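Q: based on what follows, work out the 3D shape:
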Amino acid sequence: MSHSQADLRRPGTLNATVACSIASALGTFAGALTVVAGGRPLAERNVEQAAQESPQLVGLPAGTTAADLKAMAGPAWEAVVGDRFGTLLARGVLASSLGLCLLVFGLYAGRASVWSRVMITVSVVLVVPVHALVWSDFSPPSVTAATLPALATAVAAVVLAWLPPNGRYAKRLRNGMRNAPAPQPTAAVSG
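A: Model (predicted):
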């Protein structure tokens, strides 16, 4: 391996940036998939649990008890559960869309380009509030279990993306490309 090839070895911080971006996206997708797979029964269990601890988080009046929930019948109960499922699903779709951006830009970050690191940062700045909302709201434990690692790895991806070894690597790549010999045209063969 020549000295210039050794200089172009990808730093571990860049590999970690890519890994954290991918992990965050996968965690985001797992949380959204949990909501979709759980459907209305998951939302119903979530409303029942929330009513015991903090009913206003799911749109119920403060002081709502389990007995009040059991007294709700038909359209009132269906409306509360439907609203909760819609909320969980909307957050999952939004987080997944931003997670997809993080995945794509994270994969492109392997070359340490400034644009990919900027887009990782933008994606994380947008997805962190969604994750924080899911985490702080009374979300189902299975959704929270996917959200917390996704949140942590998203923040780690931004921090890692801007570490100095990545910038030095990108600069060496740019300089290596400029100093590389231009491809020579081939002569056309007549026949």
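Q: in contact with R91, which residues?
A: 35, 130, 133-134 (CB atoms under 8 Å, 6 or more residues apart in numbering). Using the backbone N, CA and C atoms, a C-beta is placed for each residue, glycine as well.
Q: again but with I22, I slipped
A: Counting by CB under 8 Å, 6+ apart, I22 has contacts 103, 106-107.
Q: now swap in L88 and tell me
A: By CB under 8 Å, 6+ apart, the neighbours of L88 are 35, 42-43, 46, 139-140, 143.
Q: just T34 next, same as before
A: Here T34 is in contact with 42, 140, 142-143, 146 (CB under 8 Å, 6+ apart).
Q: out of the contacts of I22, who's nearest W162?
A: G106 (13.7 Å; CB to CB).
Q: find me the pLDDT at the closest one, would you?
A: According to the prediction, G106 has pLDDT 96.
Q: which non-adjacent residue is nearest it?
A: S21 (2.3 Å; CB to CB, 6 or more residues apart in numbering).
Q: contacts for stretch 51-63?
A: 46-47, 50, 64-66, 68-69, 80, 83-84, 137-138.
Q: same check on stretch 124-141?
A: 24, 28, 31, 34-35, 38, 42, 45-46, 49-50, 53-54, 57-58, 88, 91, 94-95, 98-99, 101-102, 143-144, 147-148, 150-151, 154-155, 157-158.
Q: which among those end up buried?
A: By neighbour count, with 16 or more other CB atoms under 10 Å, the contacts of stretch 124-141 hold 24, 28, 31, 34-35, 38, 42, 46, 50, 57-58, 88, 91, 94-95, 98-99, 101-102, 143-144, 147, 150-151, 154-155, 157-158 as buried.
Q: give me the distance between L57 and T64.
A: 11 Å (CB to CB, to the nearest Å).
Q: what do you get for W162?
A: 46 Å.
Q: between these two, which has more neighbouring residues?
A: T64 (20 against 15; other CB atoms under 10 Å).
Q: look up how far A71 lies from that one.
A: Taken as CB to CB, the span from T64 to A71 is 10 Å.
Q: same thing with W77?
A: Counting by CB to CB, the gap from W77 to A71 is 9 Å.
Q: more crowded one of these two?
A: W77 (15 against 10).
Q: who touches the more buried one in this structure?
A: Counted by CB under 8 Å, 6+ apart, W77 has contacts L69.
Q: and the host helix or strand of G86, what's buried?
A: Applying DSSP states H and E as the criterion places G86 in helix 75-108. For helix 75-108, the neighbour count (16+ other CB under 10 Å) marks 80-81, 84-85, 87-88, 91-92, 94-99, 101-106, 108 as buried.
Q: how about the helices of the protein, start to end?
A: Here the chain has its helices, by DSSP state H, at 3-7, 12-53, 66-71, 75-108, 114-136, 141-161, 164-179.
Q: weakest of those helices by average pLDDT?
A: Of all the helices of the chain, helix 3-7 has the smallest average pLDDT, which comes to a mean of 52.
Q: give me the distance between S123 and L98.
A: In terms of CB to CB, S123 sits 6 Å off from L98.
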